[in-house]
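Novice: Okay, predicted coordinates and the sequence, questions at the end:
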Amino acid sequence: MSIKSLKESIWAERIISQQHSDGSWGYFHSLGLPSKNRPLTTEQALRRLQILGFTIDDEPIQKAADYMHRCLSGDIEIPDKKERLHDWRIFNQLMLSAWIRRFIPHDALAGKVAEKWAEVIDSTFRNGTYNHDSYVKAFRKVFGKPPRGGRFTDFVSFYVVSLLSNFLEDKTEKAMFDYILSHETGIYYVYESVLTEVPENFRSKQASRFIGAVELLSEYDNPKCKAKLSYVAEWLLSKREPDGSWDMGHEAKGGVYFPLSDSWRSCEARKRDCTYRIEKLLDRLGYETGKKKL
């Protein structure tokens, strides 16, 4: 399987055909409920396209990045209904910046938002462990108000974890990593259980979401952080089929991470998709298929 074949898949074609002229897919946030007229949100489309191998070198991503830049700079607003459970302006900037940095890691505008969150997290873990009082104090100092609502009272969400990838100082990053791995409710928007415990059923959507959380953490280049994920690599290697492939079964098909192929009607296509994904993750964790890299 090649990136080219994934980018030419029926899934990529369908998503790109629904992109609006402004570069968006309508509503931005995943919780904007889909309907017949709005089958995708912008971040749902971006997540799927990134999984299918699209980068900032591809026109649909360039158009989306330009749209997100205009939203982040205040030239235009995303059309989502403002959520009342938290500060919408802070959350809006966090979402946009996280997605921009996923495609443009050194983007200056998104980097300014990352700097604010890095200051908060650095203060939170200054003594090597999570301190909630320090988090609240730093949040208030940086953003001018205390954290409000679940999205901010607990920072362990897709957006903060993604935004700060390779942005923190080594000591802070390792301390935050330990906290995330032992966090009882996983990573908000990605996986809902503690990450130190691998799923009981490998052939499941839960296992696919667990792998999604590990994929997110594997984006941190710090070798000491990657080493903390070695138990995941060992678990994946233990699930390999006798022929050297992986098969997560039909239950893993959720429309986000899978399928990659145009169809899962054949067992071969499903195993090919699963094997491609897991081998890619193992490589990022520093493992060749079957052994740890030197």
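Specialist: Arrived safely, thanks for sending.
Novice: Tell me the spacing between Glu115 and Phe167.
Specialist: As judged by CB to CB, to the nearest Å, Glu115 and Phe167 stand 8 Å apart. C-beta here means a position set from N, CA and C on the backbone, and glycine is covered the same way.
Novice: Pick out whichever of those two has more residues nearby.
Specialist: Using other CB atoms under 10 Å as the criterion, Glu115 and Phe167 rank with Phe167 on top: 17 against 11.
Novice: Kindly confirm whether my reading is correct that that one touches Lys112.
Specialist: No. Judged on CB atoms under 8 Å, Phe167 makes no contact with Lys112 at a distance of 11.7 Å.
Novice: Please tell me I have it right and Arg272 contacts Ser261.
Specialist: Yes. Contact criterion CB under 8 Å: Arg272 and Ser261 qualify, at 6.5 Å.
Novice: Nearest residue to Ile187 in space, please, no chain neighbours.
Specialist: Ala213 (5.0 Å; CB to CB, 6 or more residues apart in numbering).
Novice: Tell me where the model's unsure across the stretch 151-294 of the chain.
Specialist: 289-294 (pLDDT under 70).
Novice: Try it again at 90.
Specialist: 151-153, 288-294 (pLDDT under 90).
Novice: Go ahead and flag the most central residue of this structure.
Specialist: The chain has Leu216 as the residue nearest its centroid, 4.9 Å off, counting by CA atoms, centre = their mean.
Novice: got the CA coordinates for the host helix or strand of it in CSV?
Specialist: Assigned by DSSP states H and E, Leu216 belongs to helix 205-217. Extracted C-alpha coordinates of helix 205-217, given in CSV (Å, rounded to 0.1, in the frame of the first residue of the first chain):
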residue,chain,number,x,y,z
LYS,A,205,-13.3,0.1,17.7
GLN,A,206,-12.0,0.7,21.3
ALA,A,207,-8.6,-0.8,20.3
SER,A,208,-8.6,1.4,17.2
ARG,A,209,-9.2,4.5,19.3
PHE,A,210,-6.5,3.4,21.8
ILE,A,211,-4.1,3.1,18.9
GLY,A,212,-5.2,6.6,17.8
ALA,A,213,-4.3,8.0,21.2
VAL,A,214,-0.9,6.3,21.0
GLU,A,215,-0.4,7.7,17.4
LEU,A,216,-1.0,11.2,18.8
LEU,A,217,1.6,10.7,21.6
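Novice: Let me know the next secondary structure element after it.
Specialist: helix 223-227.
Novice: got the buried residues for that following helix?
Specialist: 225-226 (16 or more other CB atoms under 10 Å).
Novice: Over to stretch 88-106?
Specialist: So for stretch 88-106, counting by 16+ other CB under 10 Å, buried means 90-104.
Novice: and for it, what are the contacting residues?
Specialist: 28-29, 43, 46, 50, 55-56, 61, 65, 68-69, 71-72, 78, 82-83, 107, 109-111, 113-114, 117, 143, 151-152, 158-160, 162-163, 165-166 (CB atoms under 8 Å, 6 or more residues apart in numbering).
Novice: Narrow those to those in helices?
Specialist: 43, 46, 50, 61, 65, 68-69, 71-72, 109-111, 113-114, 117, 143, 151-152, 158-160, 162-163 (DSSP state H).
Novice: which of those are buried?
Specialist: Buried members of the ones in helices among the contacts of stretch 88-106, scored by 16+ other CB under 10 Å, are 43, 46, 61, 65, 68-69, 71-72, 109-111, 113-114, 117, 143, 151-152, 158-160, 162-163.
Novice: Brilliant, that's me finished.
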